[in-house]
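Novice: Pasting the sequence and the predicted coordinates here, then a few questions.
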Number of protein chains: 2
Amino acid sequence: MKSSLSSRLSEVAELTGKALKEFLSRYRDEDFPVLWEAMDYATAEGGKRIRPFLVLEFCRMFGGNDAAALPFACAVEAVHSYSLVHDDLPCMDNDLIRRGKPSCHAKFGEAAALLCGDALLTAAFEIVASAPGLHAEARLEGVRILAECSGAAGMVGGQQLDLIGEKEKLSYERLLKMNMLKTGALIRASCLLGCVAAGAGEKERAAAGLFADRLGLAFQLTDDLLDYGTEDDKTTYLTYLSLDEARKMAKSLLDEAAAAVADFDKDGILREFCGYIANRDK
Amino acid sequence: MKSSLSSRLSEVAELTGKALKEFLSRYRDEDFPVLWEAMDYATAEGGKRIRPFLVLEFCRMFGGNDAAALPFACAVEAVHSYSLVHDDLPCMDNDLIRRGKPSCHAKFGEAAALLCGDALLTAAFEIVASAPGLHAEARLEGVRILAECSGAAGMVGGQQLDLIGEKEKLSYERLLKMNMLKTGALIRASCLLGCVAAGAGEKERAAAGLFADRLGLAFQLTDDLLDYGTEDDKTTYLTYLSLDEARKMAKSLLDEAAAAVADFDKDGILREFCGYIANRDK
């Protein structure tokens, strides 16, 4: 991959990584250094920063600039990072490795990882509420979108449903809902926060919402395809679909996502992004 | 205790309990009922609702009404409840009993308790951001105060320092800081949120901040006195003070707290509250 998408993803990753690190540095405290160290570790380079990319791209596409969207991008990435830290804990997925490195609790211990996740989630709201360059209503709408999409009616609800799916077989409808919440909700938040940062109108937001819904489902589908054979004990799309059907469905969802924003995506970067999601590796 | 304080505490407990239960009911979902059940359980009657009392009293004292302050009171109680749920987890204090009943993870399992805490914290910000009857700037300031006081530079930082105090002896200065953060910060948030709900000015806020700082320290001191003999392995005030010194210090801090707001506390309810804190049981 060597393209406008490739360079934009790198640019966003660098912008967000730097801004988030700078914001979080306010929590550095020599009386309890481990907390900030864990927060910094959990948000450090390594992820693809796909959610910040969506925040910044939707903002740019609707006429806003990166500076306005950057705090929202940092907040979404902080929420994503906290969710991974808590997801890796022994009582959840019990993962000792994350992105090829020790997971947060493997490195800092369970208690510090728990608190690190709590602190990152809290920081996300502080970042949105303090975002410079946006008026109060926009920041407030940012808080509402982030809270709705990441809480019990969004990502956390999806995590709970995912846990249920490890113990009992979910119906196809519940599986769809699980994926819409667990993966889709924060992707939706990212696209909508980009709209808020740009001051986009109703028509633009509707397109962003449709794009996000299709992308969220496709994202989980391709994830399930990548994980095929490693998670036989839980309900996934591949409980219901053949590999071929799943690949076709992902392709069709990503085509729909690209079509939803085709009128606005003048340089085709979101279309290219959809292709990237279809063919990504872990 | 049978007084204006007593009836006001009951009134606030009922108001907050009802409003919080109603707000949280939006998260009820038959596809993953356990999450809402755990959230409802963790915030149900049982606590004294001291923080909501402070939110509502400071608002009332500075000319606001209960309705304006109630969402802030619910949010602070949601944050307090989440902190107890996470504090009780096996990797933290490993408490199976909370307020005479099974703790959240003892009842619902560790994973559900972890997610319940995450969801309550997130809900707190949704509640503040959606507070009816307050203009955008006030709600936004509410989000900022709540995030600052409950995150890594506030309550969560104090919890981390508390964990360190179980493994090594804290200096007296670090112990003070631990208590200011772990217990004091959310009390500070409560008093300040009451000010924001009332649209109080700088002089009023300064008095509220001073009251909160003194009360926060006294609250932890009286807590340590109540726990005396049960927590010999961690650093507390009683590592540094005799029982008599600790009692005198609590009394003097509470006198200072009452004095800080004496000009505004026309009916003496906050002075009475300080006396109640000095003599409370668990």
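Specialist: That came through fine. No experiment lies behind these values; they were computed from the predicted model shown.

Novice: Residue A:256: which element?
Specialist: Counting by DSSP states H and E, the element that carries residue A:256 is helix A:243-260.

Novice: Which neighbouring elements make contact with that helix?
Specialist: In terms of contacts (3 or more Cβ pairs under 8 Å, 6 or more residues apart in numbering or on different chains; DSSP states H and E), helix A:243-260 is packed against helix A:202-226, helix A:237-240, helix A:269-279. Just so you know, the C-beta spots here come from the backbone N, C-alpha and C atoms, and that holds for glycine as well.

Novice: Can you give me the buried ones in it?
Specialist: Along helix A:243-260, these residues count as buried under the neighbour rule (16 or more other Cβ atoms under 10 Å in any protein chain shown): A:246, A:250, A:251, A:253, A:254, A:255, A:256, A:257, A:258, A:259, A:260.

Novice: In PDB, could you pull the C-alpha coordinates for it?
Specialist: Taking Å, rounded to 0.1, in the frame of the first residue of the first chain, the C-alpha atoms of helix A:243-260 are listed here in PDB:
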ATOM      1  CA  LEU A 243     -16.000 -18.300   4.300                       C
ATOM      2  CA  ASP A 244     -17.100 -17.500   0.800                       C
ATOM      3  CA  GLU A 245     -20.400 -16.000   1.900                       C
ATOM      4  CA  ALA A 246     -18.600 -14.000   4.600                       C
ATOM      5  CA  ARG A 247     -16.100 -12.600   2.100                       C
ATOM      6  CA  LYS A 248     -18.900 -11.700  -0.300                       C
ATOM      7  CA  MET A 249     -20.900 -10.000   2.400                       C
ATOM      8  CA  ALA A 250     -17.900  -8.000   3.600                       C
ATOM      9  CA  LYS A 251     -17.300  -6.800   0.000                       C
ATOM     10  CA  SER A 252     -20.900  -5.900  -0.500                       C
ATOM     11  CA  LEU A 253     -21.100  -4.000   2.900                       C
ATOM     12  CA  LEU A 254     -17.900  -2.100   2.000                       C
ATOM     13  CA  ASP A 255     -19.300  -1.200  -1.400                       C
ATOM     14  CA  GLU A 256     -22.400   0.200   0.300                       C
ATOM     15  CA  ALA A 257     -20.200   2.100   2.700                       C
ATOM     16  CA  ALA A 258     -18.300   3.700  -0.100                       C
ATOM     17  CA  ALA A 259     -21.500   4.400  -2.000                       C
ATOM     18  CA  ALA A 260     -23.000   6.200   1.000                       C
END
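
Novice: Show me the contact partners of that helix.
Specialist: A:207, A:210-211, A:214-215, A:217-218, A:221-222, A:224-225, A:228, A:237-238, A:241, A:265, A:270-271, A:274-275, A:277-278 (Cβ atoms under 8 Å, 6 or more residues apart in numbering or on different chains).

Novice: now do 10 Å
Specialist: The contact list for helix A:243-260 (Cβ atoms under 10 Å, 6 or more residues apart in numbering or on different chains) reads A:206-225, A:228, A:236-238, A:240-242, A:265, A:268, A:270-279.

Novice: ok, which stretches of the stretch 101-250 of chain A are helices?
Specialist: Remark: helices assigned in the stretch 101-250 of chain A by DSSP state H, counting those that start in this stretch are A:104-108, A:110-129, A:136-150, A:155-167, A:172-179, A:185-198, A:202-226, A:237-240, A:243-260.

Novice: now for the shortest one, which elements pack on it?
Specialist: In this case it means helix A:237-240. helix A:172-179, helix A:202-226, helix A:243-260 (3 or more Cβ pairs under 10 Å, 6 or more residues apart in numbering or on different chains; DSSP states H and E).

Novice: Narrow the contacts of helix A:243-260 to those that are buried.
Specialist: A:207-208, A:210-225, A:236-238, A:241, A:265, A:270-278.

Novice: hmm, back to that, I'd like to know which of the helices and strands packed on helix A:237-240 is closest to residue A:150.
Specialist: Closest to residue A:150 of the helices and strands packed on helix A:237-240, according to Cβ to Cβ: helix A:202-226, at 13.5 Å.

Novice: next one: that closest one to chain centre, how far?
Specialist: Taking Cα atoms, centre = their mean, to the nearest Å, the mean C-alpha location of helix A:202-226 is offset from the chain mean by 11 Å.

Novice: Please apply the same query to stretch A:72-88.
Specialist: Offset of stretch A:72-88 from its chain centre (Cα atoms, centre = their mean): 7 Å.

Novice: now swap in stretch A:223-236 and tell me
Specialist: With Cα atoms, centre = their mean, you get 20 Å for stretch A:223-236.

Novice: How about stretch A:140-160?
Specialist: 12 Å.

Novice: what about that stretch, near chain B?
Specialist: Yes. Against chain B, stretch A:140-160 shows contacts by Cβ under 10 Å from any Cβ of the partner chain at A:140-160.

Novice: returning to that earlier point: quick one: the helices and strands packed on helix A:237-240 as JSON lines, columns for mean pLDDT too.
Specialist: What follows is the helices and strands packed on helix A:237-240, written out as JSON lines (pLDDT from 0 to 100):
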{"stretch": "helix A:172-179", "mean pLDDT": "95"}
{"stretch": "helix A:202-226", "mean pLDDT": "95"}
{"stretch": "helix A:243-260", "mean pLDDT": "96"}
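
Novice: Appreciated, that's everything.
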